[in-house]
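1. I would like the atomic coordinates for the input below:
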Amino acid sequence: MDSMYPRRNFEPFDLEVIDQVYGVACACIEARDLYSNQEKDAEEKEALRRQMFVLASTVLLDFDTLCDKVLASIAESRTNR
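-> Numbers count the residues shown, from 1 in each chain. Alright, predicted model coming up:
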C-alpha cells in the first residue's frame, strides 16, 4: 500500500474478497463452537465483520493474505478468552 493510512474505500473486487473470507471465517467459528448460542454467534460475527475491514485496510488485499490474517486473529482471540 502506498499510503501509511488505512484505506477507507474498497473496490467491488475488494468487497468480494472480503465477503469470501468472511464466509470462511464464519464457517471456522461455527465448526469450533458447535453448541454455542445464536445471540453470542451474532455478536461474534459482527465483531468479526468490523475486524475484517480493519485488517483489509492494512494489508495487501488478496484472498490468501486476508484469510491468513483473519484466521490468525480468530485463533488469537480464542486463546485470550
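2. Spit out the contact partners of the residue positioned nearest the centre of the chain.
-> For the chain, the residue sitting closest to the mean C-alpha position, by C-alpha atoms, centre = their mean, is M52 at 3.5 Å. By C-beta atoms under 8 Å, 6 or more residues apart in numbering, M52 lies in contact with 18, 21-22, 25, 66, 70. (Glycine included, C-beta is placed from N, CA and C.)
3. Burial check on S77, number of neighbours?
-> 13 (other C-beta atoms under 10 Å).
4. Assign it to helix, strand or coil.
-> Following DSSP: H, G, I helix; E, B strand; the rest coil, the label given to S77 is helix.
5. got it, and V59?
-> Secondary structure assignment for V59 (three-state DSSP): coil.
6. Let me see the contact set for it.
-> Listed by C-beta under 8 Å, 6+ apart, the contact set of V59 reads 65-66, 69.
7. Retrieve the pLDDT associated with it.
-> As predicted, V59 sits at a pLDDT of 77.
8. where does it fall, phi/psi-wise?
-> The phi/psi pair for V59 (degrees, to the nearest 10) reads phi -120, psi 160.
9. Could you point out the helix or strand that follows the longest helix seen in the chain?
-> Using DSSP state H to define each element, the chain has its longest helix at helix 12-32. Where DSSP states H and E defines the elements, the next helix or strand beyond helix 12-32 is helix 38-56.
10. sorry, back to before: from the contacts of V59, which is closest to S57?
-> L66 (10.6 Å; C-beta to C-beta).
11. With adjacent residues omitted, what lies nearest to the closest one?
-> V21 (4.9 Å; C-beta to C-beta, 6 or more residues apart in numbering).
12. Same question for L55.
-> Excluding its sequence neighbours, the residue lying closest to L55 (C-beta to C-beta, 6+ apart) is K69, at 4.9 Å.
13. Mind checking what secondary structure that neighbour has?
-> With three-state DSSP as the basis, K69 sits in helix.
14. Does it touch S57 like I think?
-> No - contact criterion C-beta atoms under 8 Å: K69 and S57 do not qualify, at 11.4 Å.
15. can you list the weak-confidence ranges in the protein?
-> Applying pLDDT under 70 to the chain picks out residues 1-8, 34-36, 78-81.
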